[in-house]
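Student: below are the sequence and a predicted model; questions follow.
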Amino acid sequence: MQSAEYNKPQVKLSVTSKLDGIRSWSLQALETCPGSIASNGELVDACKGCYATQGNYRYPNVKAPRLFNRDDWQRDEWVFEMVQALDNDRYFRWFDSGDMYALELARKIYMVMQATPHVKHWLPTRMHKFPKFQAIIELMRELPNVVVRASSDSVTGDVLADQPHSSTISSSFDDSSISVCKAYEHDGKCSGCRACWDKSVPVIGYVAHGKSMAKVIKLKVAA
């Protein structure tokens, strides 16, 4: 029998306006994103204009749950409470900011995914770059309700050919094999689209938006 503590989940989930009310579990951007750092010590291009370091993400009330989650996932009860929290969800996004920076966190996320087969999980990540994470990512990918999308570092539409599911950024896309996100034709919202959660969609292309990303792309093209 579970103790009374288990009946009061402490997990803090977020809801972003883009995702039609679909919830997510997130961490603070960049400081939990080891994959955002290139071999020269600088941010990779795709992270230089990171939306999760701008706008509403800068407000203390938005930062608070992300900072809380960095410690909270380490509790023994976290997996059980996450499973409880997702009881009525049908779609879930991991990391609208941040990444699964710790191997033990990745293992716990996998346990949540296993225990919630009624939920379609979408997990974008750059942790595929690190060999020690590859085994747990493969286990996640074997689950029928999970799509792990490896995020390309490119801002000019380069695709990660060695990844079964991935995403990339560009100002425009000509490659018909890339499923282009239409959110910015719909006031920045998914509007019912669930391509990111769809295993039959290998690559999602996100159209770059915002002044910061436009500047990154301009500098990249000029280089």
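Tutor: Received it, and whenever you're ready, just let me know what you need.
Student: strands of this structure, residue ranges please.
Tutor: For the chain, the strands defined by DSSP state E cover 14-15, 23-25, 91-94, 120-125, 146-151, 166-170, 179-180, 203-207.
Student: tell me who's in contact with Met127.
Tutor: Pro34, Gly35, Asp99, Met100, Tyr101, Ala106, Phe133, Ile137 (Cβ atoms under 8 Å, 6 or more residues apart in numbering). In this view, the C-beta of every residue, glycine as well, is placed from N, C-alpha and C.
Student: measure the last one to Tyr110 for me?
Tutor: In other words, Ile137. Ile137 sits 9 Å away from Tyr110, going by Cβ to Cβ, to the nearest Å.
Student: ok, now the third one?
Tutor: Counting by Cβ to Cβ, the gap from Asp99 to Tyr110 is 15 Å.
Student: so the two - more neighbours on which side?
Tutor: More crowded of Asp99 and Tyr110, by other Cβ atoms under 10 Å: Asp99, with 24 against 20.
Student: I'd like the distance between the nearest residue to the more buried one once chain neighbours are set aside and Arg75.
Tutor: Leaving out its chain neighbours, the residue that sits closest to Asp99 by Cβ to Cβ, 6 or more residues apart in numbering is Cys33, at 4.6 Å. As judged by Cβ to Cβ, Cys33 and Arg75 stand 22 Å apart.
Student: higher neighbour count, these two?
Tutor: More crowded of Cys33 and Arg75, by other Cβ under 10 Å: Cys33, with 25 against 14.
Student: phi, psi for the more buried one please.
Tutor: In terms of degrees, to the nearest 10, the main-chain angles of Cys33 are phi -120, psi 70.
Student: return the member of the contacts of Met127 nearest to Ala150.
Tutor: Ile137 (8.3 Å; Cβ to Cβ).
Student: need the contact list for that closest one.
Tutor: Ala106, Thr125, Met127, His128, Val148.
Student: give me that answer again for 7 Å
Tutor: Contacts for Ile137 were tallied using Cβ atoms under 7 Å, 6 or more residues apart in numbering; they are His128, Val148.
Student: where does this protein dip in pLDDT?
Tutor: 1-9, 52-56, 210-215, 218-223 (pLDDT under 70).
Student: about what we covered before: check the strands of the chain for me and report the most buried one.
Tutor: Highest mean neighbour count among these (mean count of other Cβ atoms under 10 Å): strand 146-151, with a mean of 24.
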